[in-house]
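S.K.: Sequence and computational prediction follow.
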Amino acid sequence: MSTNSYVVEARDLAKTYTLGKRDIPALRAIDLALPPGEFTVLLGPSGAGKTTTLNLMGCLDRATAGSLPVAGQMITGNGVRTGEARLDALRREHIGFVFADFHLLPTLTATENVQVPLIWSDRIDRQRARDLLCRVGLGHRLTHRPDELSGGEMQRVALARALVNRPSLLLADEPTANLDTRTRDEIFDLLRELSGEGLTVLLATHDHELAERGDTVLRLRGGVIVSD
Ligand SMILES: Nc1ncnc2c1ncn2[C@@H]1O[C@H](COP(=O)(O)OP(=O)(O)O)[C@@H](O)[C@H]1O
Ligand SMILES: [Mg+2]
């Protein structure tokens, strides 16, 4: 497998947490390749290692072993240990995140929340934030604050924020876990649409029904990818 044909290509990726004197193997040598524009679902029960996987792919945490090129750059493996500043830059330029609990800043409006990732790059662009909010169906909620929005609307704001730096990869960690079924489907359909427009998506969920709608489903159990 060439590192150029995948947005992310993990090989033998492992993560062991240490709690006091105890080692907790959260991921045990998984292989995972994300082709550009594909919608991949990482399905597994609580504790399977989904968040750990997304955090490694998103350069939020460091692997214990294995190789992991992100956006063509080897960030771990072959003796490589990428520095914090480079990891920050990779994350900013290539990765968008959405989480179950939205992570919006409560005192900021929707438009301001979407602009937050731009602060680090001195490129405040209110119009881009507005355009993205319109793209996710929130053109009528530009100046609302999180406590004036529904769960589905908050996740749309979070999604617009995740897209503001034009990421090549969107990592969605249980993005519909706090939403009712109808809103879950709306957010999922929106993610599918974005993937259809070329965005590579890796969505972690414990929801089997949702998983069936991905292009590819990877089943994770006890830190191992299992076949069906
Ligand atoms: N920071 C941490 N320190 C120690 N153990 C952790 C930490 N984060 C996760 N774990 C453990 O790693 C395993 C995988 O966790 P996680 O990746 O959060 O799974 P999931 O997202 O599928 O629920 C679990 O056993 C969890 O308790
Ligand atoms: Mg998790």
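M.R.: The structure has been received and is ready for your questions. Ligands and ions are numbered 1, 2, ... in the order given.
S.K.: can we go C-alpha only for contacts and neighbour counts from here?
M.R.: Noted.
S.K.: For L220, pull up the helix or strand it's in.
M.R.: strand 216-221 (DSSP states H and E).
S.K.: So which residues on this protein come close to ligand 1?
M.R.: Residues of the chain found near ligand 1, taking Cα under 6 Å from any ligand atom as the criterion, are 17, 19, 24, 26, 45-52.
S.K.: Mind checking which of those are in strands?
M.R.: In this view, the residues of the chain next to ligand 1 that belong to strands under DSSP state E are 17, 19, 24, 26.
S.K.: Could you identify the pair within these that is furthest apart?
M.R.: Across these, the longest distance by Cα to Cα is 12.0 Å; it joins L19 and A26.
S.K.: one step back: tell me the one among the residues of the chain next to ligand 1 nearest to A33.
M.R.: Each of those was checked against A33 using Cα to Cα; the closest is K50, at 14.8 Å.
S.K.: How about the contacts made by that closest one?
M.R.: When contacts are counted by Cα atoms under 8 Å, 6 or more residues apart in numbering, K50 is found next to 42-44, 173, 204-205, 220.
S.K.: filter those residues to the buried ones?
M.R.: Under a neighbour-count criterion of 16 or more other Cα atoms under 10 Å, the subset of these counted as buried comprises 42-44, 173, 204-205, 220.
S.K.: could you dump the ones in strands among the residues of the chain next to ligand 1 to a markdown table with pLDDT, neighbour count and distance to L34?
M.R.: Output for these, formatted as a markdown table (pLDDT from 0 to 100; neighbours: other Cα atoms under 10 Å; distance: Cα to Cα, whole Å):
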| residue | pLDDT | neighbour count | distance to L34 |
| --- | --- | --- | --- |
| Y17 | 96 | 14 | 25 |
| L19 | 92 | 8 | 31 |
| I24 | 95 | 11 | 26 |
| A26 | 97 | 21 | 20 |
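S.K.: Just the element for the residue most central in space within the chain, please.
M.R.: Of all residues in the chain, the one closest to the mean position by Cα atoms, centre = their mean is L171, 1.2 Å from it. Taking DSSP H and E as the criterion, L171 maps to strand 169-173.
S.K.: who does that strand touch, helix- and strand-wise?
M.R.: Where contact means 3 or more Cα pairs under 8 Å, 6 or more residues apart in numbering; DSSP states H and E, strand 169-173 is packed against helix 50-57, strand 95-99, strand 200-205.
S.K.: As a check, name the ranges of all helices in this protein.
M.R.: Applying DSSP state H to the chain gives helices spanning 50-57, 84-94, 110-115, 126-135, 151-163, 181-196, 208-211.
S.K.: how about those, which one is nearest V226?
M.R.: Closest of these to V226 is helix 50-57, at 13.1 Å (criterion: Cα to Cα).
S.K.: Noted, bye for now.
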